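In: Prediction below, plus the sequence it came from.
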Amino acid sequence: MTSIVGIDLGTTNSVLTIMEGGKPVVIPNAEGQRVTPSVVAFTDKDGILVGESARRQSLLNPRGTIWSIKRFMGKRFDEVSEEDKRHVPYETCDQLNGDIGVRVQERVHSPSEISAHILASLRATAERYLSRPVDEAIITVPAYFNDAQRRATQVAGEIAGFKVRRIINEPTAAALAFGLNRTKDERIAVYDFGGGTFDISILEIGDGVIEVLSTHGDAHLGGDDIDQCIVDAVIGEFEREHRMSIRHDAMILQRVREAAEKAKKELSTLVQTDIHLPFLTADSTGPKHLSTSLTRAQLEAMIHPLIERSLASCRQALEDAGLKAADLQEILLVGGSTRIPLVQQAVERFFGRAPNHSLNPDEVVALGAAIQGGILAGEVDSIILLDVTPLTLGIEANGGLMIPLIERNTTIPARKNKLFSTTVDNQSSVAINVYQGERDFAAQNRFLGQFELTDIEPAPRATPKIDVCFDIDANGVLRVSATNQTTGKEETLVLTGAGGLSDDEIRSAIVDAEAARAEDSLRKERLVAKNKAQSFVFSIAKLQREYFTSADDALNAHTTELLQRCEAILSSDEASTEDFTALSAELSACSRQWHELLHEHMAQQESQQNTSESCASHETTDGQN
């Protein structure tokens, strides 16, 4: 069995999988749940929490709880709109080397570092499940993630201690899960409406080959946007009714967000739901309660523009693939937001056929990631995957135009070369500016990086031959080089699109993460030792209450003194694992004394009962005689 795990690192939830017996299976987390909330909390008492424990405490710690970090992966600070920042309850969004970061507890954290905590938690879950080290992973990303976002995801995996074997597109992973063991040739569409992003991919399956024909999407469209529609409506109604503003209060916003998400889910099966938040706030006149109802029709009116945006991407994907909706045989729904009835209806109307509901939309992407891991490990040899790059890659030419080298929807891995030259006489160097996007002018696209080719021999303009090579690997990560064909000198672009982290900072983050894992292990050992001591305390206290009169004064006095000392040690934040271990040893000895007393007491009771029964037997016999 392979140790390469598949991970769907989702905006709302993450899922962990692995191949077992030739089939992908979901690994449940420590709480026994198949999905883990993609939530990270920084606390003063418990350190860093991940998953359900982080989500549970979010109401009391809204400014220290981070969710939906995936929307910020690989983004520059000026790329994130104020509207996007509203979707996340962070204390402040701050700059980190020009990229977006999140300030929590007086430190700016990169999205890669936050995501690494989620991935490290999943890694620990996998190691507990498999009872062996796990250090390789396949991680999924939205198909429309650009190079910087993919690199930021890869860096997150490295910080978490993984060797990231492959970054795979989410719709492609879903198609892998759907296409496993299928022999029929067919074209399918994967409609992926997740928590923070939307993707549509058109694929062709046949003869064990899964080929992506086209992909399109919207990196700012997901379930978070639907939740925000409800939040805006509910808060707007409350503020109009009570003539007061509540949007500045992080705790109030968190309560409303949780209620909005709950209402959204309920309206997938109900036509109306009620939202009740008692004691939401207060003023001089007393407490204010939020109580309102929301119908499915109202929700559908709110989110109709969002769904239309997703269909616009579907039209573009079909056009890029050179197909019509009628040419498709299956429509797969991926992502929790596809459970919304209006989404399903819109998809059915657009494609002219009912979507396929055979796969769990929350798990199918992670299952496909596990299959990709099986392919790389040699466990699955019946499938060949041909993926594409979602966005055009090129360089800036004279006049600011962007010259494409690798067009969008090119099958990857891919390598493309193009000859360039100088623009002025005797030019000694050229700057290579690399961009990603679909606009004609470079400045309107996403800047990826710059490097310079120097020591060009003096010559008239357009004479030197400079070979620029774009090499994009199976992860969709780009490497660029430029070679002077006259001298053979070569320069290579080292992309640093890693969520604001330099190479040194990435290495430092990996070291810090390893130290944090060691610290977490020590904290866990302390907690286990403390819990063991507490169990002894509860047991001994119960025995003393029940058998106080049966014990001698010395045992009662020793027990009382020991329990008082335990209370002081257990309530101390300074007590160490060794303190609790030593305390448990004393408690264990005391517990043995009480259990010996208990056994003596029970033996005496049994003896008295036997004597009583014997006497009664003799009396009966005498009476008969």
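Out: Alright, I've got the coordinates.

In: Adjacent strands (with direction) for the strand ranked longest in the chain?
Out: Criterion DSSP state E: the longest strand present in the chain is strand 272-283. The strands that strand 272-283 pairs with in its sheet are strand 286-295 (antiparallel) (by DSSP bridges).

In: Can you give me the buried ones in the partner strand?
Out: Buried residues in strand 286-295, defined by neighbour count with 16 or more other CB atoms under 10 Å: 288, 290, 292, 294. Every C-beta, even on glycine, is put in place using the N, C-alpha and C of the backbone.

In: Just give me the closest of those residues to residue 255.
Out: When those are compared for distance to residue 255 (CB to CB), residue 290 comes out closest, at 8.5 Å.

In: Can you name the residues bridging to that closest one?
Out: Beta-bridge pairing of residue 290 under DSSP bridges involves residue 277.

In: Now do the same contact list for it.
Out: 234, 238, 256, 275-278, 280 (CB atoms under 8 Å, 6 or more residues apart in numbering).

In: Tell me how far it lies from residue 242.
Out: Computed with CB to CB, to the nearest Å, the distance linking residue 290 and residue 242 is 9 Å.

In: quick one: the strand or helix carrying residue 309 to strand 272-283, angle?
Out: Secondary structure here is read from DSSP states H and E; on that basis residue 309 sits in helix 296-321. Helix 296-321 runs at 110 degrees relative to strand 272-283, counting by axes from the mean of the first three to the mean of the last three CA atoms, to 10 degrees.

In: How far away from the center of its chain is helix 296-321?
Out: Its chain's C-alpha centre and that of helix 296-321 lie 25 Å apart, by CA atoms, centre = their mean, to the nearest Å.

In: Same question for stretch 560-570.
Out: 42 Å.

In: Show residues contacting that stretch.
Out: Under the contact criterion CB under 8 Å, 6+ apart, stretch 560-570 has outside partners 530, 533-534, 537, 540-541, 544, 575, 579-580, 583, 586-587, 590.

In: Mind giving me the ChimeraX command for buried ones among these?
Out: Buried subset of the contacts of stretch 560-570, written as a ChimeraX selection, criterion 16+ other CB under 10 Å:
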select :530,533,534,537,540,544,575,579,580,583,587,590
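
In: circling back: and the longest strand of the chain, what's its mean pLDDT?
Out: Mean pLDDT, strand 272-283: 92.

In: Pull out the buried residues from that strand.
Out: Residues 273, 275, 277, 280-281 are the ones in strand 272-283 that count as buried (16+ other CB under 10 Å).

In: which one of the residues you listed sits closest to residue 57?
Out: Distances from residue 57 to those, taken by CB to CB, are shortest for residue 277, at 18.2 Å.

In: Would you check how far apart that closest one and residue 234 are?
Out: Plainly put, residue 277 is 9 Å away from residue 234 if you go by CB to CB.

In: Same check on residue 5?
Out: Per CB to CB, residue 5 is found 39 Å from residue 234.

In: likewise residue 448?
Out: Using CB to CB, residue 448 is found at 41 Å from residue 234.

In: Repeat that for residue 102.
Out: Applying CB to CB to residue 102 and residue 234 gives a distance of 26 Å.

In: Over to residue 353?
Out: Noted for residue 353: a distance of 36 Å to residue 234, by CB to CB.

In: More neighbours: which of these two?
Out: Each of residue 353 and residue 234 has its neighbours counted (other CB atoms under 10 Å); residue 234 has more, 20 against 15.

In: three-state assignment of the more buried one?
Out: For residue 234, the reduced secondary structure class is helix; criterion used: DSSP: H, G, I helix; E, B strand; the rest coil.

In: from what I can see it touches residue 258, true?
Out: No - in this structure residue 234 lies outside contact range of residue 258 using CB atoms under 8 Å: 11.6 Å.

In: picking that back up, what helices and strands are in contact with the helix holding residue 309?
Out: Counting by 3 or more CB pairs under 8 Å, 6 or more residues apart in numbering; DSSP states H and E, the packing neighbours recorded for helix 296-321 are strand 186-193, strand 198-206, strand 209-218, helix 223-242, helix 341-351.

In: from the middle of its chain, how far away would the following helix or strand past the fourth one be?
Out: In this case it means helix 223-242. The first helix or strand that comes after helix 223-242 along the chain, using DSSP H and E, is helix 250-266. Taking the mean of its C-alpha atoms, helix 250-266 sits 20 Å from the chain's own mean (CA atoms, centre = their mean).

In: coming back round to it: between the longest strand of the chain and helix 250-266, how big is the angle?
Out: Using the same axes, to 10 degrees, strand 272-283 lies at 170 degrees relative to helix 250-266.

In: Correct me if wrong: residue 18 contacts residue 24.
Out: Yes - taking CB under 8 Å as the definition, residue 18 is a contact partner of residue 24 at 7.3 Å.

In: can you map out the helices along the stretch 51-200 of the chain?
Out: Using DSSP state H, counting those that start in this stretch, the helices of the stretch 51-200 of the chain run over residues 52-56, 82-86, 111-130, 147-159, 170-179.
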